[in-house]
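J.: how would this look folded up:
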Amino acid sequence: MYKTLKSKSFFHYSLIILLFLLLHSCSPLIKNNSTVQINPNQFEGTDIQRIQSAIDAAEGTTNKIVIPSRNANGTNIWLLDNAILLPSNMTVLLDNCTLQLSDKSRDNMFRSTNIGIGIPDPTWNSNINIIGIGDVYLKGANNPRATGDAHRKLTLDPEKEKNAGNWRVSYGSDAGKEGMKQKGDWRNIMILMAYVNGFKLKNVTIENAHAWAISFERTINAEISNIRFKCPETQMVNGKEVFIANRDGIDLRHGCKNFRIDNISGITGDDFIALSTLGLYSENPEGGSINSTMVSSRTWSGAQDDTEQIFITNIVCKSSTRAVAIRANDVASINNVFIDGVMFNGGYNAMLIGGKGYGHDSQPGKINNIHAMNIIGEGQSLIQIEEAISDCSFSYGIYKGSGDNIIKYNKIDPSETSNVILNNLIKTQK
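T.: Take a look at the predicted model:
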């Protein structure tokens, strides 16, 4: 009897110790939510519903989700009918996965939660990260409903339209459909961030964006690195090659400051990287409208809407237009842009500084302190200057094109510029 009681007591005591150890070993999961991995396969619904549910669950807890390569529906692709909306303090880890906009989608792939239709005055978001691990692909739709910017009319046959003299066109399966908007807008941008303080995008390949691949409005303190573009100006749709307009790579619009853009490569149908403060006098300047390629207001509110402190390094690209284009209207400034290392094939110029034809001309000195070095390029010239820029320098460039001038002044006399230093620029044969 004594032995039996002792045996039971020992058993109970051992069980208590075991439970204590188990609880102790699990305590990091209980006390520290950051050790819990949240991914869309833990939720139900369509692909976009599951991804958004994962983000909702992570917000305020882990503040991080992982999108794996394997989709619980049995595929290796995540098809998105509308945008993934990212709140503040959110990190999305893309683990060797492929995300693609579906043929139903007429929306961005990623967008910050503070912007969208009917939001004229966004509040600020902060600390948003999209980080690729391994081989990550972000793809446009196989048969996109709409492409191009807000000036492009949708058509099923862009080549026919262009042959008829209608150049402001772009492909879209919504063309001619009753009740469907017949021009492009900001929803055609693959990754769209506005009023964001602190953003990182790293290590992704972007294919066949519907217009600009990545665009920022009034975003500060951003790092963009190790991005590859496969966005030529045509795409095969149902066995036919069609024209897709405005396939820029990276665009910085109003009020972008403190950017580091490094190690970007690939092909785009339009400007590979563009810094633009344009559209200040448009008919519909308000934000939150779909009558624009900007989701926020196109008005200029002062120095906070200037673009400045931009560092661009290690660019290897092919484009139908330019590697780096800088354009501003009369009142806005683009300043303190530092560029080191550009290898450019095709198009017009490796760099465009100033750009006429976009409204009121930039005033003397508004575009200033643009400093570029180690530029190699083809095209009509290495660098084209179209505005009265000041305090700029261009050093150590090699022009391999067939044009007569390394530096081309277009619609402006060199005497209208101020303190532009040219150093060690040479022309060579291909």
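J.: Quick check: D391 is in a helix.
T.: No: assessed by DSSP: H, G, I helix; E, B strand; the rest coil, D391 does not belong to a helix; its assignment is strand.
J.: Could you list the low-pLDDT ranges of this structure?
T.: Along the chain, segments meeting pLDDT under 70 span 1-35, 283, 430.
J.: can you rerun that using 80?
T.: The model of the chain has pLDDT under 80 over residues 1-35, 279-284, 357-359, 429-430.
J.: which residue ranges form the helices in it?
T.: Taking DSSP state H as the test, the helices found in the chain are 2-31, 47-58, 158-163.
J.: Remind me what the last one packs against, helices and strands.
T.: I take that to be helix 158-163. strand 169-171, strand 240-243 (3 or more Cβ pairs under 8 Å, 6 or more residues apart in numbering; DSSP states H and E). (Each C-beta comes from the backbone N, C-alpha and C, glycine too.)
J.: Quickly run through the sheet partners of the longest one, with directions.
T.: The reference is to strand 240-243. strand 234-237 (antiparallel) (DSSP bridges).
J.: Pull out the buried positions in the partner strand.
T.: By 16 or more other Cβ atoms under 10 Å, the buried positions in strand 234-237 come out as 234-235, 237.
J.: Now do the contacts for the residue nearest to R50 when sequence neighbours are not counted.
T.: In this structure, R50 finds its nearest non-sequential neighbour in P40, 3.8 Å apart by Cβ to Cβ, 6 or more residues apart in numbering. For P40, the contact set (Cβ atoms under 8 Å, 6 or more residues apart in numbering) comprises 47, 50-51, 53-54, 65, 67, 71-72, 78.
J.: Could you single out the nearest of the residues you listed to R247?
T.: Set against R247, the nearest of these by Cβ to Cβ is W78 (22.3 Å).
J.: now the closest one: how far from N246?
T.: Distance of W78 to N246, computed by Cβ to Cβ, to the nearest Å: 25 Å.
J.: can you list contacts of stretch 363-374?
T.: By Cβ under 8 Å, 6+ apart, stretch 363-374 touches 324, 326, 328, 330-342, 351, 353-354, 383, 387-397, 416, 418.
J.: let's see it at 6 Å
T.: Outside stretch 363-374, the residues that touch it by Cβ atoms under 6 Å, 6 or more residues apart in numbering are 328, 330, 333-341, 353-354, 387-396.
J.: and those, which are buried?
T.: Buried residues within these, counting neighbours by 16+ other Cβ under 10 Å: 328, 333-337, 339-341, 353-354, 387-392, 394.
J.: Which residues lie in contact with K411 in this structure?
T.: Per Cβ under 6 Å, 6+ apart, neighbours of K411: 356, 386.
J.: right, and K139 touches E207 too?
T.: Yes: using Cβ atoms under 6 Å, K139 is in contact with E207, at 4.6 Å.
J.: Neighbours of V420, how many?
T.: 16 (other Cβ atoms under 10 Å).
J.: just A164 next, same as before
T.: 10.
J.: same deal with A83?
T.: Neighbours of A83 (other Cβ under 10 Å): 23.
J.: Would you confirm that it contacts S112?
T.: No: using Cβ under 6 Å, A83 makes no contact with S112, being 9.8 Å away.
J.: Okay, and the beta partners of the residue sitting nearest the centre point of the chain?
T.: Residue closest to the average C-alpha location in the chain (Cα atoms, centre = their mean): I214, at 1.3 Å. Note on I214: beta-bridge partners by DSSP bridges are I191, I250.
J.: For the stretch 1-150 of the chain, which segments count as strands?
T.: Counting by DSSP state E, counting those that start in this stretch, the stretch 1-150 of the chain has strands at residues 64-67, 78-80, 84-86, 90-95, 98-101, 110-112, 125-133, 137-139.
J.: Direction included, what does the first one pair against?
T.: Strand pairing for strand 64-67, determined by DSSP bridges: strand 90-95 (parallel).
J.: what separates the strand it pairs with from the chain centre, distance-wise?
T.: Taking Cα atoms, centre = their mean, to the nearest Å, one finds strand 90-95 lying 16 Å from the centre of the chain it belongs to.
J.: ok, N345 to N335 distance?
T.: Distance of N345 to N335, given as Cβ to Cβ: 29 Å.
J.: before we move on, the earlier item: closest to I310 out of the helices and strands packed on helix 158-163?
T.: Evaluated over those, closeness to I310 peaks at strand 169-171, with 28.0 Å, by Cβ to Cβ.
J.: From the contact counts, what lies against that closest one?
T.: helix 158-163 (3 or more Cβ pairs under 6 Å, 6 or more residues apart in numbering; DSSP states H and E).
J.: Now tell me what touches the helix it packs on from outside.
T.: 155, 169, 171, 242-243.
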